[in-house]
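Enquirer: sequence first, predicted coordinates after that:
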Amino acid sequence: MTEDAQRTAVPPQESGAAGLAAGPESAGAPPSTSITGAARGRRAPLEWVAHGGILIPLVVTFVVLAAISPTFLHFTNLLNILDQQSAIMTVAAAGTLVLICGGLDLSVGATYALAGVTAAQLTQTAGPAVGIAAGLLLGLLVGLANGVIVTRFKINSLIATLAMSYVITGVATISTKGNLIVAFDHPEFQKFAATRIFGFTSASLIMILSVIVLAIVLGLTTFGRYVYATGGNSEAARLAGVRVNGTRIAAFAISGVAASLGGIIDASRTLSMQASSGGFLAFTVLAGIVVGGTSILGGEGAVWRTVAGCLFIAMVGNGFNLEGLDPFYQQITLGLILLAAVGIDAWSRGRQR
């Protein structure tokens with residue numbers, strides 16, 4: 001294996017974790033001479049804008065909303081933002097791993113709905129514990145199926161997961177006969193997402209725990225380094241001994257479980273769910289990931305960026321609601337923000353070449 005291939009296999013760690021353990025040669029490989037210190041200095045501000053710059057609009061938006069809307073800073077409103085975004089941020093945090101791996105999971109919305117209706121249905125017959133477990137299992141199976149289809153059959157992840165979303169939505173629609181599934185007679189199911197602990201809902205706490213675990217997995221484990229290496233240069237990673245297909249399958253499996261968890265959270269919160277409930281979830285999740293600075297082309301990103309991106313979008317939406325503005329303007333704004341984020345990523349990659 002060439003020295004260049006070994007260096008490419010070492011992912012751009014944000015957490016400062018050690019490089020990919022591809023062998024003694026890569027561990028002692030000298031830094032690349034193709035990028036001079038001056039070039040690194042010129043790229044630093046650009047990389048900050050592309051990768052860490054989400055903190056600037058996040059803080060600015062927070063300050064502006066606090067200034068124009070006294071209601072925004074109310075503790076209850078801030079907790080409501082966190083609670084309402086708990087499912088989305090849980091799904092987006094896991095989706096970050098898929099995107100960094102060089103994949104894309106558009107089936108999260110359908111998985112979210114399928115797990116939600118399954119949990120609500122089984123709650124009525126077998127109890128909440130069985131419903132929640134079955135919903136999570138379905139998410140795992142969908143994620144594994146996506147990973148196998150993408151890796152073994154070499155189908156583009158966008159097409160594979162889009163097709164899977166149609167299949168899953170069809171299954172959910174058939175199982176519910178197109179009806180809204182309710183579990184109003186089982187308030188114990190609602191405790192899964194709506195229990196208050198120190199003011200926070202259990203849904204918010206589940207999201208926070210999920211985000212922390214995923215951030216640790218991505219930033220501080222060998223699997224996390226493999227995720228970066230797979231997305232950065234899959235062939236070099238394979239030569240370095242990384243199980244590229246296994247890493248991608250695992251990332252899709254994690255995404256599937258997170259999507260099902262998000263669906264169960266929202267089904268528990270409202271005690272209802274239907275097959276079409278996740279229609280726009282995939283777009284919202286992708287927007288949060290990309291706006292946070294994770295590259296759409298893979299190899300770069302972080303869970304904390306995704307959380308910041310989701311919070312930024314949530315605060316923009318909350319500001320529109322507090323000011324009583326037309327929600328259609330919110331959609332236009334979100335679209336423009338997403339275009340700007342993708343444009344900055346493309347510009348950054350072009351300048352780095």
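Expert: Happy to help now that I have it.
Enquirer: burial count for residue 198?
Expert: 5 (other CB atoms under 10 Å). Bear in mind the C-beta positions are built from the backbone N, C-alpha and C, glycine included.
Enquirer: let me fix that: residue 78
Expert: 14.
Enquirer: so what's it up against?
Expert: residue 72 (CB atoms under 8 Å, 6 or more residues apart in numbering).
Enquirer: please apply the same query to the one 10 residues further on.
Expert: Shown in contact with residue 88 (CB under 8 Å, 6+ apart): 262, 281, 284-285, 288, 310, 314.
Enquirer: out of these, which sit inside helices?
Expert: 262, 281, 284-285, 288, 310, 314 (DSSP state H).
Enquirer: need phi/psi at residue 325.
Expert: Residue 325 has phi and psi values of phi -80, psi 160 when expressed as degrees, to the nearest 10.
Enquirer: show the low-confidence segments of the stretch 1-150 of the chain, by residue range.
Expert: The model of the stretch 1-150 of the chain has pLDDT under 70 over residues 1-53.
Enquirer: I should have written the stretch 251-353 of the chain there, sorry.
Expert: Where the stretch 251-353 of the chain drops to pLDDT under 70, the residues are 345, 348-353.
Enquirer: picking up where we left off before, if we only consider the contacts of residue 88, which is nearest to residue 341?
Expert: Taking CB to CB as the measure, residue 341 lies nearest residue 288 of the contacts of residue 88, at 10.0 Å.
Enquirer: hang on, that closest one packs against residue 306?
Expert: Yes: shown here, residue 288 and residue 306 form a contact pair, counting by CB atoms under 8 Å, at 5.9 Å.
Enquirer: using CSV, write down the CA coordinates of stretch 61-72.
Expert: Extracted in CSV, the C-alpha atoms of stretch 61-72 (Å, rounded to 0.1, in the frame of the first residue of the first chain):
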residue,chain,number,x,y,z
THR,A,61,-30.5,33.9,15.8
PHE,A,62,-30.8,33.3,19.6
VAL,A,63,-29.8,36.9,20.4
VAL,A,64,-32.2,38.4,17.7
LEU,A,65,-35.2,36.3,18.9
ALA,A,66,-34.5,37.1,22.5
ALA,A,67,-34.5,40.8,21.5
ILE,A,68,-37.6,40.9,19.4
SER,A,69,-39.8,38.4,21.3
PRO,A,70,-39.9,38.4,25.1
THR,A,71,-41.7,35.0,25.0
PHE,A,72,-38.7,33.3,23.4
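Enquirer: assign residue 277 to helix, strand or coil.
Expert: Each residue gets one of three states, and residue 277 gets coil by DSSP: H, G, I helix; E, B strand; the rest coil.
Enquirer: tell me how many other residues crowd it.
Expert: The number of residues packed near residue 277 is 23, by other CB under 10 Å.
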